[in-house]
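>>> here are the coordinates; sequence isn't available:
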């Protein structure tokens, strides 16, 4: 074997990271691979990502990166994609599995941070926090008044949770701390467990949840089945004045129907950490309504959550580079491509 061939054979695997993450995680990954990081604030354009992935053995992605079949077809070396998120709606799981590429993600570590934000949005929408802040900054705060900025009580209200995973149950615990009556809908058919008992929660049908809840919080993944899960018909079933919270994915709500329900006065307000599309267009009519609170997809944006997500995302990749599967594998049935050394 020639000297050049030996050097190629011993070359480290190549990893492309689509956004800057915790430096400790990058340093850990660099002990096992040659790492290239996209260091701009915005995601790499699709065409750029497609070029970078041609020579990559591993890809560390964000929810903003579209990983579809054409991109996978241009990545002959790729063995693993690790998504810095719980959700995987940005990745064509079937296409990558057929191609022999493992998919990792980062569940668990962002549960409490996301539930914190969901409840913060609930409180902000109920007590008109963002609207009040805008009034003060605009110089429109004239005096205290008995009918100024009234909103619904949170303590003792009914909280409906759609999606009874870790984040949904964490939201229920927060609601129970406010003496809220917690009802929920789960894809598992309403089976009870110890977590349900601790939260004092009750499984109900979606129709029943919509009819009795003062606040509704969404915690489902975006799939073909859950796209526009909440639309015109569902808004019609809700209590007048109900408030809806979405920290899942924007596409779970039909945003045009949401606007109509808010504009008509049927809905009392909304708190969104996610929109469809993202970012929301500057001229979107939702932004003109006073009873709308929107944050820029920051559900997991606590220091510790993002740090731990970065470490898990890199561990997922390192596990595959060592011959195994990701620590948190979304497609465990995959037969992973062998590592190319030339």
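Structure received. Fair warning: this is a prediction, and the values are worked out from it, not measured in the lab.

>>> mean confidence (pLDDT) on stretch 94-101, please.
Stretch 94-101 carries an average pLDDT of 97.

>>> where along the stretch 101-250 of the chain do the strands fall?
In the stretch 101-250 of the chain, the strands defined using DSSP state E, counting those that start in this stretch lie at 102-104, 158-162, 181-185, 202-203, 215-218, 242-246.

>>> export those strands as a markdown table, with columns for mean neighbour count and distance to residue 123.
C-betas here are computed from N, CA, C, even on glycine. Listed next are those as a markdown table, based on neighbours: other C-beta atoms under 10 Å; distance: least, C-beta to C-beta, whole Å:
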| stretch | mean neighbour count | distance to residue 123 |
| --- | --- | --- |
| strand 102-104 | 27 | 34 |
| strand 158-162 | 26 | 12 |
| strand 181-185 | 22 | 16 |
| strand 202-203 | 16 | 23 |
| strand 215-218 | 27 | 10 |
| strand 242-246 | 28 | 10 |
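
>>> mind listing the helices for the stretch 101-250 of the chain?
Along the stretch 101-250 of the chain, counting by DSSP state H, counting those that start in this stretch, helices occupy 111-126, 129-137, 166-177, 194-199, 206-212, 232-237.

>>> what's the first-to-last distance across stretch 295-303?
17 Å (C-alpha to C-alpha, to the nearest Å).

>>> which residues does it contact?
63, 85, 110, 113-114, 116-118, 121, 247, 272-274, 278-279, 306, 309 (C-beta atoms under 8 Å, 6 or more residues apart in numbering).

>>> can you pull the buried residues of it?
In terms of neighbour count (16 or more other C-beta atoms under 10 Å), stretch 295-303 has its buried residues at 295, 297, 299-300, 302.

>>> so for that stretch, mean pLDDT?
On average, stretch 295-303 scores 97.

>>> check stretch 40-59 too.
The model assigns stretch 40-59 a mean pLDDT of 96.

>>> residue 166 contacts residue 112, correct?
No: between residue 166 and residue 112 there is no contact under C-beta atoms under 8 Å: 9.2 Å.

>>> returning to that earlier point: out of the helices of the stretch 101-250 of the chain, which comes closest to residue 290?
helix 129-137 (5.1 Å; C-beta to C-beta).

>>> what does that closest one rub up against?
With contacts defined as C-beta under 8 Å, 6+ apart, helix 129-137 is touched by 123-124, 141, 149, 290-291, 293.

>>> farthest-separated two in the residues you listed?
Going by C-beta to C-beta, the pair spanning those furthest: 123 and 141, at 20.1 Å.

>>> between the helices of the stretch 101-250 of the chain, which one is nearest to residue 50?
Closest among the helices of the stretch 101-250 of the chain, once you apply C-beta to C-beta, is helix 111-126, at 30.8 Å.

>>> residue 283: neighbour count?
7 (other C-beta atoms under 10 Å).

>>> cool, and residue 256?
Neighbours of residue 256 using other C-beta under 10 Å come to 14.
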